[in-house]
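A.B. asks: Sequence first, predicted model second:
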Amino acid sequence: MEKANFADRFCYKAYRILYFGFIVLPLIAGIDKFTDLLTDWDKYLSPLISNVVNAHTFLMIVGVVEIAAALIVAFRPMLGAAIVAFWLWGIVLNLLTMPGFYDIALRDFGLSLGALALAHLAREYQSL
């Protein structure tokens, strides 16, 4: 096997893993904003936001955005992945306003790097 084809095969596998993950994970998180089966999402919302708007309503809107982002990744991976990365940065900023959530902010920043990697890989593979 030619070296370039070998590397390309592994890059494509990485693309597929990220593609699948950034469809399924935001979809599950978005749906769960309506059910709270995974967690009580209200505790992750900064008082800077919850003091201005109704937390439950805001989180339902967040859920809709996450579901929409998952669908955009499914049909336009390069665009969708960039949207997810920016969305995750917003979540990171939200979490950094509250003590005790810095570890989750760090994790979400790491996820945003994965979304950026998907956006770059999608340039090459989204039409396959």
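C.D. replies: It's in.
A.B. asks: Can you point out the buried residues in the worst-scoring helix or strand of the chain on mean pLDDT?
C.D. replies: None of the helices or strands of the chain scores lower by mean pLDDT, DSSP states H and E than helix 3-35, at a mean of 91. The neighbour-count check on helix 3-35 (16 or more other Cβ atoms under 10 Å) flags 15, 18-19, 22-23, 25-27, 29-30, 32-33 as buried. Yep, even glycine has a C-beta here, placed from its N, CA and C like the rest.
A.B. asks: cool, stretch 47-59 as well?
C.D. replies: 55, 58-59.
A.B. asks: Pull up the distance across that stretch, start to finish.
C.D. replies: 13 Å (Cα to Cα, to the nearest Å).
A.B. asks: pLDDT (mean, whole number) over that stretch?
C.D. replies: Stretch 47-59 shows a mean pLDDT of 94.
A.B. asks: For the protein, which segments count as helices?
C.D. replies: Secondary structure of the chain by DSSP state H: the helices cover 3-35, 47-50, 55-75, 77-96, 102-125.
A.B. asks: so can I have a markdown table of the buried residues of stretch 47-59 showing distance to His120?
C.D. replies: As requested, the buried residues of stretch 47-59 are exported to a markdown table (distance: Cβ to Cβ, whole Å):
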| residue | distance to His120 |
| --- | --- |
| Ala55 | 35 |
| Phe58 | 32 |
| Leu59 | 31 |
